[in-house]
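K.L.:
I would like the atomic coordinates for the input below:
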Amino acid sequence: MTTGAADVIVVGAGPAGAATAILLAEHGVAVQLLDRARFPRPKICGEYLSPEAPRVLDRLGVLKTVDGLATPLAGMRITAPDGTVVIGTYRTVGDWRPYREHAMAIERARLDEALVERVRTLPIDFREHVRVTDVLVERGEVRGVVAVDRDGRAARLRARLVIAADGRASVVAERLGLRHGHRLKRMALVTYVSGLDGCRDYGEVFVDPPDYAIINPVAADRGNLSIVVPLAHAAPWSGRLETFFTARAKHLQHLARRLAGARIVAPVGAMGPLAYEVDAPRVGGVLLVGDAAGFVDPFTGEGIYAALRGAELAVETAVGALRSGDCSRQALAAYRRARRLAFGGKARVTRALQFVISHRGLANLTAHVLAQRPGLLDVLLGVIGDFVPPKALVTGLVR
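P.N.:
Residues are numbered from 1 along each chain as shown. Reported below is the predicted structural model:
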């Protein structure tokens, strides 16, 4: 494997990594993008894009392609444990207007391929089938990575900055000792279903503690079905996921009724534990974006926006650091602060939602309140959809 020369090595070519590489290349930065897979490749995902994700996709030059592949979602239909149904729509709330007045559902392989095709049009050294196994740390800064190609040849690839976008099992975060568990221990079981009547204009959420389920219509007769369950319940069934999935779906009363007549059309995949935390790097020369930077189960599955927005924030910090010649931990701390400002408020809302959906009585009560105040549900959906600031929930701004 040739080592080449790069200003930045980006590890992982999913949405976070591809977006980071594209934006860096547009700033004239020499980028080496590495991924252990070859694209397109399957990926377990909720396959949902919030109304603000198209803004970043537009900036990346892939929105037109994605529009031709995605299903617009006007809002979310949420069913409480007692059967109460509330429907929220993506709309302008006060002074906050979404980039698009709809979310989108899209198969992850198609989204990733659209981004990778954009990568291929730019002067980016993109290498597939290259697996990063370690990081090079010298005098308190990351100076590169150790990588192995598909033929088993290893190389030490050096750069001024390494950006880890290698997902929930990030080798970079693991080697730097940054990743640790979260008290919220859940697993997502994901498949596709066909034959669902009326599955096209809205995402659907079914809350039934300790579980919840989400249906996102990714095509005319194909829905992404995710059931999120306690990790301890699913773990003993790791060798019989389909059996567990089918049984669990039947125990969610309102979901079971919704799935009557539908059929599973793909193997059941599993991802868990869903939530984990990642500490700030204790060395310089490295940034983490996307799921490599940590993940807390977001309830509606809108993690792709966080990956894309995180890439924008990382690139702002990275370009400044590279131009100043200072990639120290202190110089890169601006990225951590920017992430906290961008995602901190919504993370608090997510934690509150997790508490609500974990308690049957509280979930029912919340649904009853939202049924009486549909405008408030639209505000909540705007917060979840990334275009309304969380403070709107406190100030009661409903128009």
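
K.L.:
if I pick Ala270, what's in contact with it?
P.N.:
Residues counted as contacts of Ala270 (CB atoms under 8 Å, 6 or more residues apart in numbering) are 44, 187-190, 234, 238, 241. C-beta coordinates here come from the backbone N, C-alpha and C atoms, glycine included.

K.L.:
so Glu204 is in which element?
P.N.:
strand 202-208 (DSSP states H and E).

K.L.:
partner strands of that strand and their direction?
P.N.:
Next to strand 202-208 in the sheet, as set by DSSP bridges, lie strand 75-79 (parallel), strand 211-219 (antiparallel).

K.L.:
any low-confidence regions in the chain?
P.N.:
Filtered on pLDDT under 70, the chain yields the residue ranges 1-4, 296-302, 396-399.

K.L.:
rerun at 50
P.N.:
The chain contains residues with pLDDT under 50 at 397-399.

K.L.:
so for Ser226, which of the strands paired with strand 202-208 sits nearest?
P.N.:
Taking CB to CB, strand 211-219 is the member of the strands paired with strand 202-208 nearest to Ser226, at 4.8 Å.

K.L.:
count of residues packed around Gly239?
P.N.:
Applying other CB atoms under 10 Å, we find 7 residues neighbouring Gly239.

K.L.:
now the longest strand belonging to the chain: buried residues?
P.N.:
Assignment by DSSP state E gives strand 154-164 as the longest strand of the chain. Buried residues in strand 154-164, defined by neighbour count with 16 or more other CB atoms under 10 Å: 155, 157-164.

K.L.:
so what's Ile106 up against?
P.N.:
In this structure, Ile106 makes contact with 47, 49, 66, 69-71, 218, judged by CB under 8 Å, 6+ apart.

K.L.:
give me the distance from stretch 68-77 to the chain's centre.
P.N.:
Distance, stretch centre to chain centre, for stretch 68-77: 17 Å (CA atoms, centre = their mean, to the nearest Å).

K.L.:
could you pull out the buried residues of that stretch?
P.N.:
Buried-residue list, stretch 68-77, by 16+ other CB under 10 Å: 70-77.

K.L.:
closest to His251 out of those residues?
P.N.:
So of the buried residues of stretch 68-77, ranked by how close each gets to His251 (CB to CB), first place is Arg77, at 20.4 Å.

K.L.:
contact partners for that closest one?
P.N.:
85-87, 202-205.

K.L.:
with Pro72 instead?
P.N.:
100, 102-104, 201.

K.L.:
out of those residues, which are buried?
P.N.:
Judged by 16+ other CB under 10 Å, buried ones among these: 100, 102-104.

K.L.:
which among those residues gets closest to Ala213?
P.N.:
Ala103 (17.5 Å).

K.L.:
and the closest one, what does it touch?
P.N.:
48-51, 53, 72-73, 75, 90, 203, 302, 385.

K.L.:
which strand residues bridge it?
P.N.:
Going by DSSP bridges, Ala103 is paired in beta bridges with Leu73.

K.L.:
in the stretch 151-300 of the chain, which spans are helices?
P.N.:
Remark: helices assigned in the stretch 151-300 of the chain by DSSP state H, counting those that start in this stretch are 171-175, 231-234, 241-251, 253-258.

K.L.:
let me know which of those is tucked in deepest.
P.N.:
Comparing the helices of the stretch 151-300 of the chain by mean neighbour count (mean count of other CB atoms under 10 Å), helix 171-175 ranks first with a mean of 22.

K.L.:
show me what that helix is packed against.
P.N.:
strand 131-138, strand 154-164, strand 286-288 (3 or more CB pairs under 8 Å, 6 or more residues apart in numbering; DSSP states H and E).

K.L.:
which of those strands sits closest to Ala333?
P.N.:
Between the helices and strands packed on helix 171-175, strand 286-288 lies closest to Ala333; by CB to CB that is 10.4 Å.

K.L.:
okay, now the sheet partners of the closest one, with direction.
P.N.:
In the sheet, strand 286-288 lines up with strand 154-164 (parallel) (DSSP bridges).

K.L.:
okay, the partner strand in CSV with CA atoms only?
P.N.:
Extracted as CSV, the C-alpha positions of strand 154-164 are listed here (Å, rounded to 0.1, in the frame of the first residue of the first chain):
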residue,chain,number,x,y,z
ALA,A,154,0.1,-2.8,6.5
ALA,A,155,1.2,0.8,6.3
ARG,A,156,1.7,3.8,8.5
LEU,A,157,-0.2,6.6,7.0
ARG,A,158,0.8,10.1,8.3
ALA,A,159,-1.1,13.4,8.2
ARG,A,160,-1.3,16.6,10.1
LEU,A,161,-4.7,15.8,11.4
VAL,A,162,-6.8,12.6,11.7
ILE,A,163,-10.6,12.9,11.7
ALA,A,164,-12.4,9.7,13.0
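
K.L.:
distance between the ends of stretch 132-151?
P.N.:
By CA to CA, to the nearest Å, the extent of stretch 132-151 from end to end equals 14 Å.

K.L.:
please apply the same query to stretch 64-75.
P.N.:
Using CA to CA, first and last residues of stretch 64-75 are 21 Å apart.

K.L.:
list the buried residues of the longest helix anywhere in the chain.
P.N.:
Looking across the chain with DSSP state H, the single longest helix is helix 329-357. Buried residues in helix 329-357, defined by neighbour count with 16+ other CB under 10 Å: 329, 331-332, 335-336, 338-339, 343, 346-347, 349-350, 353-354, 356-357.

K.L.:
after that helix comes which helix or strand?
P.N.:
helix 360-372.

K.L.:
check which helices and strands that next one sits against.
P.N.:
strand 85-89, helix 329-357, helix 374-384.

K.L.:
thank you, goodbye.
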